[in-house]
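In: Fold the following and give me the result.
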Amino acid sequence: MIDFLNTLDTNIFLFLNGINSAFFDQFMYIYTGKWIWIPFYAAIVYVFIRNWKKESIWIILAVALCITIADQLAANVIRSWIERPRPSHEPELEGLVHIVNNLRGGRLGFVSAHAANSIGLALFCSMLFRYKLYTWVLFAWAIVNAYSRIYLGVHYPGDLIGGAIVGIFAALVCIFLLKKLRPKIFLIKPETNFSQETSFCRKQENFLPIWVVAFTVLGIAVYGLFVM
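Out: Model prediction:
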């Protein structure tokens with residue numbers, strides 16, 4: 001069964017990784033970077049502070065804990081335990097993997113820390129905001145971030161699925177702790193709570209993270225067109 005799943009995972013990876021172009025080489029290479037998304041993370045923190053005031057410190061700490069749990073479980077605990085090489089370091093796949101700008105990552109790849117961190121953040125914020133547009137945008141951002149790892153040849157699809165499970169676990173743990181320690185954060189308050197869509201829509205500054213994602217993606221696309 002393990003051999004069958006590994007073969008299936010490899011075949012799906014080679015199929016998806018083989019779909020590439022000069023434009024998406026540049027797009028995915030930049031999209032997968034950490035620093036490019038700092039304005040997005042800052043915008044999310046701004047929304048926390050703008051709506052939850054002093055209570056936002058607890059939310060920020062919970063997010064930091066969520067990312068730490070997801071990242072450490074994925075990058076240190078599970079990878080060291082499973083010891084599955086990345087496709088970019090697999091001798092049997094030499095010459096078959098599409099590599100961009102010689103990005104190969106570390107030797108081990110199961111599970112994906114990118115997938116764990118991005119899915120964890122998306123789920124945590126979605127459960128906190130409870131607003132459909134945020135949920136769609138956050139998960140679209142996270143899924144493309146995860147898929148970029150297949151495109152760039154540094155993770156198998158199974159790595160991403162495992163990373164997503166780790167991220168979901170981290171987010172649920174942190175939401176549970178936040179509800180236990182600071183339950184009033186989740187109380188319905190029409191003037192600030194995201195569960196009231198009409199109230200949320202009246203506060204246009206709350207859409208800042210969505211606009212940041214949109215303009216960042218647009219900027220990456222324009223750059224990709226110029227350098228392809």
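In: Closest to the centroid, which residue in the protein?
Out: Among the residues of the chain, the one closest to the centroid is Ser118, at 1.7 Å (CA atoms, centre = their mean).
In: As a check, name the ranges of all helices in this structure.
Out: Ranges of helices in the chain, per DSSP state H, are 2-17, 22-31, 38-52, 56-72, 79-82, 113-129, 132-151, 157-181, 197-202, 208-227.
In: where does the chain dip in pLDDT?
Out: For the chain, applying pLDDT under 70 flags the ranges 188-203, 228.
In: of all the helices of the chain, which lies closest to Glu94?
Out: Comparison of the helices of the chain against Glu94 by CB to CB identifies helix 2-17 as nearest, at 12.6 Å. Bear in mind the C-beta positions are built from the backbone N, C-alpha and C, glycine included.
In: in that closest one, what counts as buried?
Out: Asp9, Thr10, Phe13, Leu14, Asn17 (16 or more other CB atoms under 10 Å).
In: Specify the stretch among the helices of the chain that is closest to Glu90.
Out: Across those, Glu90 has its closest neighbour in helix 2-17 (8.4 Å, CB to CB).
In: Gly33 - how many residues pack around it?
Out: Gly33: 13 surrounding residues under other CB atoms under 10 Å.
In: actually Tyr131, not the one I wrote
Out: Residues lying near Tyr131 (other CB under 10 Å) number 20.
In: Kindly report the same for Pro85.
Out: Pro85: 16 surrounding residues under other CB under 10 Å.
In: can you check Thr216 too?
Out: For Thr216, the neighbour count with other CB under 10 Å is 18.
In: do the same with Lys34
Out: By the criterion of other CB under 10 Å, Lys34 has 9 neighbours.
In: coming back round to it: in contact with the residue nearest to the centre of the chain: list those residues for me.
Out: Trp141, Ala142, Asn145, Ala146, Gly167 (CB atoms under 8 Å, 6 or more residues apart in numbering).
In: any idea how far it lies from Gly162?
Out: Look at Ser118 and Gly162: by CB to CB, to the nearest Å, they are 14 Å apart.
In: Then Val45?
Out: Val45 sits at a distance of 28 Å from Gly162 (criterion: CB to CB).
In: Tell me which of those two has more neighbours.
Out: Just comparing Val45 and Gly162: by other CB under 10 Å the higher neighbour count belongs to Gly162, 23 against 15.
In: Burial check on the nearest residue to that one once chain neighbours are set aside, number of neighbours?
Out: Leaving aside its chain neighbours, Gly162 sits nearest to Val111 (3.4 Å; criterion: CB to CB, 6 or more residues apart in numbering). Residues near Val111, counting by other CB under 10 Å, number 29.
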